[in-house]
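J.: next input, structure requested:
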Amino acid sequence: MKTNKKFLISVAVGTLVSGAILSYPKILRWQVEKRLPGVEFTDVNLELLPFVLTLSDVKFNRGWISGDLESVTSDFHGEHVVLNGGNLTVNLDDKPEGDDKPDGFTVQKRDIQLRNLGVKVSHTGHKFTMEGVRTDGQKVCFSSARLEVPTITTGEGCFNREDHKVTVGRGDMKELNIMGAGVQDLTAQNITFHTKAKVAEVEKVTAQITFEKQVFTVEAGGVRASRKPDKVELESLKVKHPWLAGDWLGLGRVSVGHGDRWSLAVGGSHIGVEPKSLTISGEEECGTWIDSLPPNLKIGPLSRVKMTGKSSFSIGFRPKPTFNLRSDCRAKCDSLPNLRKPFRYMAYDPKGKTFERETGRGTKNWVSLLMTGDMPLAVTTMEDPGFEHHRGFITQAFSNSFLDNLKQGRFLRGGSTITMQLAKNLWLTREKTLGRKVQEFFLSQALESCYSKDEIMELYLNVVEFGPNQYGVGNGSMYWFHKGPGELVPTEAFWLASILPRPSRTQPPTDSSLKRVEGLMKRLAEDGRIPNFADDMVEPEEVQNPEEP
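T.: You can find the predicted model right below:
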């Protein structure tokens, strides 16, 4: 009897245990589905020591967030949850606002860890995708990310949940359009984004910018961009393009404000940009403009000249290009080199190498203005008809040059006056760039402030090149005609002035070349621009050619 009783008890216990074991997965699934409505999974597993619940092939959709995960593991109370593999989709625009729970209700805090997830986030029309998302303490890190519109891709990065800061080692953007300028191949290094303050900081940015069919290379350092106000600040900015200068143009601190009208501050100078017409304009004290120039443009006298007065400009591109310039800069003469005594400057030999040349009143080859004959008239007629009336520059000449260069897509002409040419020959390089035009613009006004027109003409005739390695009108006159400038007949003087654009590549004067000059002079006389020199024209047999240069 006792044996039968024990047997029955054993069978009953075995049946209960077997039943519990056989029904365990169903009970566990029922409990999980009860606690997590809307969550689908393929399999569920429970480990007791320690307690770990694992769901496999998990799918869920909570409206603003949904997922398709390889597995989810959790402790008994659901306080520590790990999402492993798969993808999450988050739409922040649909996320419920606030929490309507009554006072005293405590929301359970969960420690949710991520392991190798793909996450897609949508917010206010932007889409952001991250791969290899994982958590590391208070950080959420990713192996790569991509933002659409504009398309930006990044490498490894992390979001620190404590200080609300995103850090990324590198970000790349293929293309962006800003006010008609195309930005290509932008690369940013060491990026930090403060999500609460909406401030981005970048250690270095490089890009190609295409504007009016011209491609500029840009490098910026110490970039800080913020919202409210919309502003970008750069500790340094470098720009490279053959139109601007032969090398990089480097600027100091630069800030850009974004609103109905963009504002650009460079040093102490302020420039406005009107987006609709794409008009760039500014007005500052002349000294402020000079102080704001890149260091490699502030060479020679520009590094120390003191100027008063104001200068303003306006350049428009839409619907058609426009150019306006006004200036009344005046130099303090003691801040300029003294050109009324012997001085030295850099000249070029026939091979393009520089050498130092001495000239000035009292030097061997100096020719006073009184001994230059018809050369002043010839030079002003051929090079600068408005010489007697301008103050170093001619706005219309600048405007015509700008519009022609823009139309042709390359730097063809610079609108130089005699004073600007003198400044170039005394202190600047021969490169044809916008940077050199800016230098000439200020230096020519400085010369006009401190020297008379006669002094400027005398300096010009003694400084510029009148033939291959023939500096000064005295050397040039002797080289081509074997006589001094005061002995030249008008045709010879005008021929000598006509070679100034390319003096080192000029062939000796011939009967036909002198006849062409005579024809030009007759037309100028008929227009009343020069006196009638008909009785003083050179006869063909009088031409004396030098040896071939």
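J.: how close does the residue most central in space within the chain sit to Pro242?
T.: The residue lying closest to the centre of the chain (C-alpha atoms, centre = their mean) is Val218, at 4.3 Å. As for Val218, its distance to Pro242 is 15 Å (criterion: C-beta to C-beta, to the nearest Å). In this view, the C-beta of every residue, glycine as well, is placed from N, C-alpha and C.
J.: ok, now Val81?
T.: Distance of Val81 to Pro242, given as C-beta to C-beta: 60 Å.
J.: now do the contacts for Phe323.
T.: Counting by C-beta atoms under 8 Å, 6 or more residues apart in numbering, Phe323 touches Phe313, Ser314, Ile315, Gly316, Phe398, Ser399, Phe402, Leu403.
J.: where does the fifth one sit: helix, strand or coil?
T.: Local secondary structure at Phe398 is given as helix here, using DSSP: H, G, I helix; E, B strand; the rest coil.
J.: what packs against the strand or helix carrying Ile290?
T.: Element membership for Ile290, per DSSP states H and E: helix 286-291. Where contact means 3 or more C-beta pairs under 8 Å, 6 or more residues apart in numbering; DSSP states H and E, helix 286-291 is packed against strand 269-274, strand 307-308, strand 310-316, helix 434-450.
J.: closest one to Gln470 among the ones you listed?
T.: Set against Gln470 and scored by C-beta to C-beta, the helices and strands packed on helix 286-291 come closest in helix 434-450, at 23.1 Å.
J.: mean confidence score for the closest one?
T.: In this model, helix 434-450 carries a mean pLDDT of 95.
J.: can you check stretch 329-348 too?
T.: Stretch 329-348 comes out at a mean pLDDT of 96.
J.: send the alpha carbons of that stretch over as CSV?
T.: Extracted C-alpha coordinates of stretch 329-348, given in CSV (Å, rounded to 0.1, in the frame of the first residue of the first chain):
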residue,chain,number,x,y,z
CYS,A,329,42.0,108.0,-49.7
ARG,A,330,44.9,110.3,-48.9
ALA,A,331,48.3,109.2,-47.5
LYS,A,332,50.3,110.7,-44.7
CYS,A,333,53.4,111.4,-46.8
ASP,A,334,56.0,110.6,-44.1
SER,A,335,54.7,107.0,-44.1
LEU,A,336,55.7,106.6,-47.8
PRO,A,337,59.3,106.1,-49.2
ASN,A,338,61.0,109.3,-50.2
LEU,A,339,61.2,109.2,-54.0
ARG,A,340,62.7,112.7,-54.4
LYS,A,341,66.2,111.4,-53.8
PRO,A,342,68.0,108.3,-55.1
PHE,A,343,66.2,105.1,-54.3
ARG,A,344,66.4,101.4,-55.3
TYR,A,345,63.7,99.1,-56.5
MET,A,346,63.4,95.6,-58.0
ALA,A,347,63.5,95.2,-61.8
TYR,A,348,63.4,92.2,-64.1
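J.: contacting residues around it?
T.: 286, 301, 304-311, 354-363, 425-427, 430, 442, 445-447, 449-451, 455, 459, 463, 465, 471, 504.
J.: so what's Asp111 closest to, chain neighbours aside?
T.: Among residues not flanking Asp111 along the chain, His80 sits closest, at 4.8 Å (C-beta to C-beta, 6 or more residues apart in numbering).
J.: how near is the one you found to Leu443?
T.: The value you get for His80 to Leu443, if C-beta to C-beta is used, is 73 Å.
J.: now do the buried residues in the helix holding Ile290.
T.: Of the residues in helix 286-291, Cys286, Gly287, Thr288, Trp289, Ile290 count as buried by neighbour count, 16 or more other C-beta atoms under 10 Å.
J.: how about the contacts made by the second one?
T.: Read it as Gly287. The contact partners of Gly287, by C-beta under 8 Å, 6+ apart, come to Lys306, Met307, Thr308.
J.: just the pLDDT for it.
T.: The model's pLDDT for Gly287 equals 96.
J.: how about the strands in the stretch 301-450 of the chain?
T.: Assigned by DSSP state E, counting those that start in this stretch, the stretch 301-450 of the chain shows strands spanning 307-308, 310-316, 322-327, 330-331, 343-348, 354-359.
J.: thinking again about what came up before, mind giving me the ChimeraX select for the contacts of Gly287, buried ones only?
T.: Here is the ChimeraX command that picks out the buried ones among the contacts of Gly287, judged by 16+ other C-beta under 10 Å:
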select :307
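J.: and which of the contacts of Gly287 is nearest Ile191?
T.: Out of the contacts of Gly287, the member with the shortest distance to Ile191 (by C-beta to C-beta) is Met307, at 41.2 Å.
J.: give me the pLDDT for the closest one.
T.: For Met307, the predicted pLDDT is 97.
J.: that one contacts Thr288, doesn't it?
T.: No: the criterion here is C-beta atoms under 8 Å, and Met307 misses it with Thr288 at 9.5 Å.
J.: among the contacts of Phe323, name the buried ones.
T.: Phe313, Ser314, Ile315, Gly316, Phe398, Ser399, Phe402.
J.: which of those residues sits closest to Asp349?
T.: Using C-beta to C-beta, the buried ones among the contacts of Phe323 come closest to Asp349 at Phe398, 31.2 Å.
J.: name the nearest residue to the closest one, ignoring sequence neighbours.
T.: Gly415 (4.7 Å).
J.: how many neighbours does that neighbour have?
T.: 20 (other C-beta atoms under 10 Å).
J.: also Asn177?
T.: By other C-beta under 10 Å, neighbour count at Asn177 equals 10.
J.: which helix or strand contains it?
T.: Asn177 belongs to strand 165-178, assigned by DSSP H and E.
J.: tell me which residues of that strand come out buried.
T.: Lys165, Val166, Thr167, Val168, Gly171, Met173, Leu176.
J.: can you check stretch 141-153 too?
T.: Cys141, Phe142, Ala145, Leu147, Ile152.
J.: out of these, who's nearest Asp94?
T.: So of the buried residues of stretch 141-153, ranked by how close each gets to Asp94 (C-beta to C-beta), first place is Leu147, at 19.5 Å.
J.: looking at the closest residue to that closest one other than its chain neighbours now. What's its pLDDT?
T.: The shortest distance from Leu147 to any non-neighbouring residue, by C-beta to C-beta, 6+ apart, is to Phe128 (5.2 Å). Predicted confidence (pLDDT) at Phe128: the value is 85.
J.: quick one: contacts for Phe128?
T.: Neighbours of Phe128 in contact, by C-beta under 8 Å, 6+ apart: Lys120, Val121, Ser122, Ala145, Arg146, Leu147, Glu148.
J.: report the beta-bridge partner residues of the second one.
T.: It stands for Val121. Note on Val121: beta-bridge partners Val90, Phe128, judged by DSSP bridges.
J.: Thr151 versus that one, what's the distance?
T.: 15 Å.
J.: cool, and the third one?
T.: Using C-beta to C-beta, we find Ser122 at a distance of 15 Å from Thr151.
J.: for the fourth one, same thing?
T.: In this structure, Ala145 and Thr151 are 12 Å apart, going by C-beta to C-beta.
J.: and for the first one?
T.: Taking C-beta to C-beta as the criterion, Lys120 is separated from Thr151 by 15 Å.
J.: residues in contact with stretch 191-199?
T.: 154, 157, 159, 164-171, 200-203, 224-228.
J.: sorry, that was for stretch 416-427
T.: Counting by C-beta under 8 Å, 6+ apart, 299-302, 339, 345, 347, 379-380, 383-384, 386-387, 390, 392-394, 397, 414, 430, 436, 439-441, 443-444, 446-448, 456-457, 459-460, 463-465 sit against stretch 416-427.
J.: help me confirm that Leu92 comes into contact with Lys120.
T.: No: using C-beta under 8 Å, Leu92 is not in contact with Lys120, being 11.3 Å away.
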